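[1] just coords:
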């Protein structure tokens, strides 16, 4: 009976020695992994901070670029608005001259029609005193019909000169309005391109925000891993260090 008890003690002693050696090995492995993990965690934190900083810098540059593009687009919109106001005023002015030309055309036709009611002496007097003033001795080398046609020609010419002036003003206004319309069209194309550029920059900013979310999401997983290692740091590492210290 005593021999069996001694054998059991010998077996127990060998078992605990092996268990103790295995425990030392596990403790050493945990300690090695602890230092490796801490070093990796620090490098990962630095890498993540650098990436977030880089993304924030890109975002800030894009925000400034977007502000500049918006300022340019707003300036073009303001210029276009002013051009449209000027063009519309010119079109309104052209319509006034157009109405004036119509009135002058009616007045011309009425004046020519009224010539039928003037006498030959009145036509002579008109040509002499108004149309072609003459200070010398009068000589009438034209018959009544010729004098009437001469007065008609003079009246038509007077009205035509007024009409020509009005039509010329209308033409100049039309050319100016057309030039403004072409400029407005060109600026509108530029405004459209600026709007597209602004949208593209906004998309880039959104993409950067999504990248930041991805980085922070990975960091959440890292925090979970960190809590796991924290438990090892709080409980396993001290115990392993104590066991190793006692064995030395």
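    That came in fine, so what should we check first? Source: prediction; values computed, not measured.
[2] only C-alpha atoms for contact and neighbour calcs from this point on.
    OK.
[3] By mean pLDDT, which helix or strand of the chain comes out lowest?
    helix 237-247 (a mean of 50; mean pLDDT, DSSP states H and E).
[4] I'd like to know how many residues surround residue 64.
    11 (other CA atoms under 10 Å).
[5] model confidence over the strand or helix carrying residue 158, on average?
    Using DSSP states H and E, residue 158 sits within helix 144-231. The average pLDDT for helix 144-231 rounds to 85.
[6] do the same with stretch 68-75
    pLDDT averaged over stretch 68-75 gives 94.
[7] secondary structure class for residue 141?
    For residue 141, the assignment made with DSSP: H, G, I helix; E, B strand; the rest coil gives coil.
[8] what about it, how many neighbours?
    7.
[9] Can you give me the pLDDT of it?
    70.
[10] give the contact list for it.
    Contact analysis of residue 141 by CA atoms under 8 Å, 6 or more residues apart in numbering lists nothing.
[11] How much space separates it from residue 184?
    62 Å (CA to CA, to the nearest Å).
[12] what's the answer for residue 114, then?
    49 Å.
[13] Among these two, which residue is more densely surrounded?
    Between residue 114 and residue 184, counted using other CA under 10 Å, the more crowded position is residue 184 (21 against 11).
[14] Show the contacting residues for that one.
    80, 83, 84.
[15] Which one of those sits in the busiest neighbourhood?
    Result: residue 80 is most packed of the contacts of residue 184 (other CA under 10 Å), 21 neighbours.
[16] ok, and the closest non-adjacent residue to that residue?
    residue 184 (5.6 Å; CA to CA, 6 or more residues apart in numbering).
[17] mind checking how far the one you found is from residue 70?
    Residue 184 is 18 Å from residue 70, by CA to CA.
[18] Same check on residue 89?
    Per CA to CA, residue 89 is found 28 Å from residue 70.
[19] Among those two, which residue is more densely surrounded?
    Ranked by neighbour count (other CA under 10 Å), residue 89 and residue 70 place residue 70 first, with 17 against 14.
[20] Is that one within a helix or a strand, and which one?
    helix 2-114.
[21] Mind giving me the packing neighbours of whichever helix or strand comes after that helix?
    Next in sequence after helix 2-114, counting helices and strands by DSSP H and E, comes helix 120-126. Counting contacts by 3 or more CA pairs under 8 Å, 6 or more residues apart in numbering; DSSP states H and E, helix 120-126 packs against helix 144-231.
[22] if we go to 6 Å?
    Contact here means 3 or more CA pairs under 6 Å, 6 or more residues apart in numbering; DSSP states H and E; on that basis helix 120-126 packs against no helix or strand.
[23] Tell me how many other residues crowd residue 152.
    19.
[24] Repeat that for residue 94.
    Neighbours of residue 94 (other CA under 10 Å): 21.
[25] Quick check, it in contact with residue 169.
    No. Using CA atoms under 6 Å, residue 94 makes no contact with residue 169, being 7.8 Å away.
[26] Residues that sit against both of the two, list them.
    Counting by CA atoms under 6 Å, 6 or more residues apart in numbering, residue 94 and residue 169 have no shared contacts at all.
[27] Neighbours of residue 163, how many?
    Residues near residue 163, counting by other CA under 10 Å: 21.
[28] quick one: it and residue 111, what's the gap?
    14 Å.
[29] now swap in residue 144 and tell me
    Residue 144 is 19 Å from residue 111, by CA to CA.
[30] Residues in contact with stretch 101-115: which ones?
    159, 163.
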